[in-house]
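Q: With the input below, show me the fold.
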Amino acid sequence: MSQARAIDQIQAALHERNVLSRAFFDQEAHRLAEACREMSERFLAGGRLLAFGQGAYATDAQHVSVEFVHPVIVGKRALPALDLSLHFGPWLEALLQPEDMVMGFAPPSGDVEVERALAFARQKRALTFALTGQEADYAVEIATSDPFIHQEIVEILYHVLWETVHVFFEHRQSSHELGATSFLYPFLSPQKQDTDALLAEAAQSIRMKVAEDVRLRQAVAEQQSEVIARMVDMTAERLKQGGKLILFGNGGSATDANDLALDCVAPPQGWKPVPAVSLSLEPACISAIANDIGPEVIFLRQLIAQARPEDVALAISTSGGSRNILLALEEARKRGLLTLALLGYDGGEVRRQNLANRTIVVPSEHVPRIQEVQASVYHVIREQLGALWR
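A: Numbering: from 1, shown residues only. Modelled structure (predicted):
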């Protein structure tokens, strides 16, 4: 495929995502705001968010869990959430309480086991989300059969749910309603507030977040499509030499690394699998290395064990400054691997220290928006590899 044709395809693919996501959230924004209000009330009543999916959709459950539990970077407080994907049926039956919220992730064609688990949760009066599906308190069917675009829209959806739930917290009810847990929420107003007017503002805020994604995706398409095409060519050459992709990232970026690894090895029907591993998908190795040596070497130590010179090391980071990312890329370059990075902000230390052969930077300071556009970029890379790696 010529470079010019590849660039045209990359730009068209990013533009298609913009059209579909804007249409979806224009329609869904108000309903999402209502769902956030309900979620805020359930969290304050002691509810938990229980999420699950299968295959690549399990990484969405991982992502939801880390966003709600660990939102420290944006100054929000932790909320109880769990990823039950490993064995979600029995786990849900053992844990579920009526005040909980249950979120099931599935491909555009649906997932019978996820639907069955959501039906059980609904019987127990939990608030249910079918992403995708038809039978839930909040159910959506996205107007695309493309599994990658579908998943990107779902990622935006759960990011804005998480962000907007906190908006309702900060406007809500009397701390008297919190009972024994009131000490956890000293920021709440002593007066119960009407949140009806807030719904329209929250819905408009959701549309503005999606508009920001559209702007960032368009900027990447116009300014960095050539780099994306070059990344794909260089990766395909390494694969022809017998190499594999080695992916890594922290937090939400860890789940994106896991997602891309699964998209590589278990691609849509008709595509050839691409050998890939995610160093973020090894909780025993990560916790052992972090405990025995330190968190800064959790990827470095695994990379030393896994890497061969013909491999490709691809880091996903919003800041581009995490010490464990920098050390792993530095080691990968010493060993002769091709090094690539998907970054946010201004590219951080990865770019300043020239630790990657090629970088894509989403020029934003908002972590959810960076991750949403990075998901589009790595899915487009996978699509282009699908065309070259046959």
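Q: how about the spatially closest residue to Thr128 that is not a sequence neighbour, what does it touch?
A: Ranked by CB to CB, 6 or more residues apart in numbering and with sequence neighbours excluded, the top spatial neighbour of Thr128 is Ala136, at 4.0 Å. Yep, even glycine has a C-beta here, placed from its N, CA and C like the rest. Residues near Ala136 by CB atoms under 8 Å, 6 or more residues apart in numbering: Gly104, Leu118, Arg122, Thr128, Phe129, Ala130.
Q: give me phi/psi at Ala136?
A: Main-chain dihedrals, Ala136, degrees, to the nearest 10: phi -170, psi 170.
Q: ok, now Gln353?
A: phi -90, psi 0.
Q: Near it, how many other residues are there?
A: By other CB atoms under 10 Å, the residues close to Gln353 number 12.
Q: Need the pLDDT of it.
A: Gln353 carries a pLDDT value of 97.
Q: Check the gap between it and Arg323 for me.
A: Distance from Gln353 to Arg323, counting by CB to CB, to the nearest Å: 12 Å.
Q: can you give me the helices in the stretch 101-250 of the chain?
A: Per DSSP state H, counting those that start in this stretch, the stretch 101-250 of the chain carries helices over the ranges 112-123, 147-169, 196-240.
Q: of those helices, which approaches Ala33 most closely?
A: Closest of the helices of the stretch 101-250 of the chain to Ala33 is helix 196-240, at 3.9 Å (criterion: CB to CB).
Q: Which strands or helices does the closest one pack on?
A: On a contact count with 3 or more CB pairs under 8 Å, 6 or more residues apart in numbering; DSSP states H and E, helix 196-240 meets helix 3-44, helix 147-169, strand 312-316, strand 338-343, strand 358-361, helix 367-388.
Q: Which of the ones you listed has the highest mean neighbour count?
A: Highest mean neighbour count among those (mean count of other CB atoms under 10 Å): strand 312-316, with a mean of 29.
Q: Give the pairing partners of that strand; include direction for each.
A: Applying DSSP bridges, strand 312-316 is found paired with strand 245-249 (parallel), strand 338-343 (parallel).
Q: CA-only coordinates of it in CSV, if you can.
A: Extracted in CSV, the C-alpha atoms of strand 312-316 (Å, rounded to 0.1, in the frame of the first residue of the first chain):
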residue,chain,number,x,y,z
VAL,A,312,8.4,-3.7,19.1
ALA,A,313,8.0,-1.9,22.5
LEU,A,314,4.9,0.3,22.5
ALA,A,315,4.3,2.5,25.6
ILE,A,316,0.9,4.1,26.2
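Q: what's the angle from it to helix 367-388?
A: 150 degrees (axes from the mean of the first three to the mean of the last three CA atoms, to 10 degrees).
Q: Quick one: list the elements packing against the helix or strand that strand 312-316 is followed by.
A: Using DSSP states H and E, the helix or strand that follows strand 312-316 in sequence is helix 323-334. Contact partners of helix 323-334 among helices and strands, from 3+ CB pairs under 8 Å, 6+ apart: strand 245-249, helix 298-306, strand 312-316, strand 338-343, helix 348-352.
Q: Measure how helix 323-334 sits relative to strand 338-343, angle-wise.
A: 150 degrees.
Q: I'd like the mean pLDDT over helix 323-334, please.
A: 98.
Q: cool, and stretch 158-172?
A: 87.
Q: Name the residues that touch it?
A: Under CB under 8 Å, 6+ apart, the answer for stretch 158-172 is 25, 32-33, 35-37, 39-41, 43-44, 60, 63-64, 67-68, 71, 76, 79, 103, 131, 185, 187-189, 192-193, 195, 198, 202, 205-206, 209-210, 368, 371-372.
Q: How about stretch 219-232?
A: So stretch 219-232 is contacted by 3, 6-7, 10-11, 14-15, 340, 358-363, 373, 376-377, 380-381, 384-385, 388 (CB under 8 Å, 6+ apart).
Q: gap between stretch 32-47 and the chain center?
A: 21 Å (CA atoms, centre = their mean, to the nearest Å).
Q: TSV please, covering the helices and strands packed on helix 196-240 and showing distance to Ala332.
A: Putting these into TSV (distance: least, CB to CB, whole Å) gives the following:
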stretch	distance to Ala332
helix 3-44	25
helix 147-169	26
strand 312-316	4
strand 338-343	5
strand 358-361	13
helix 367-388	18
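Q: So for Pro108, which of those sits nearest?
A: helix 147-169 (4.8 Å).
Q: if I look at Lys240, how far off is Met234?
A: In terms of CB to CB, Lys240 sits 11 Å off from Met234.
Q: same question, Leu20
A: 29 Å.
Q: One more: Glu310?
A: Taken as CB to CB, the span from Glu310 to Met234 is 12 Å.
Q: joint contacts of the two?
A: Counting by CB under 8 Å, 6+ apart, nothing touches both Glu310 and Met234.
Q: for stretch 66-79, what is the average pLDDT?
A: pLDDT averaged over stretch 66-79 gives 81.
Q: Would you indicate which residues of that stretch are buried?
A: Val66, Glu67, Phe68, Pro71, Lys76, Leu79 (16 or more other CB atoms under 10 Å).
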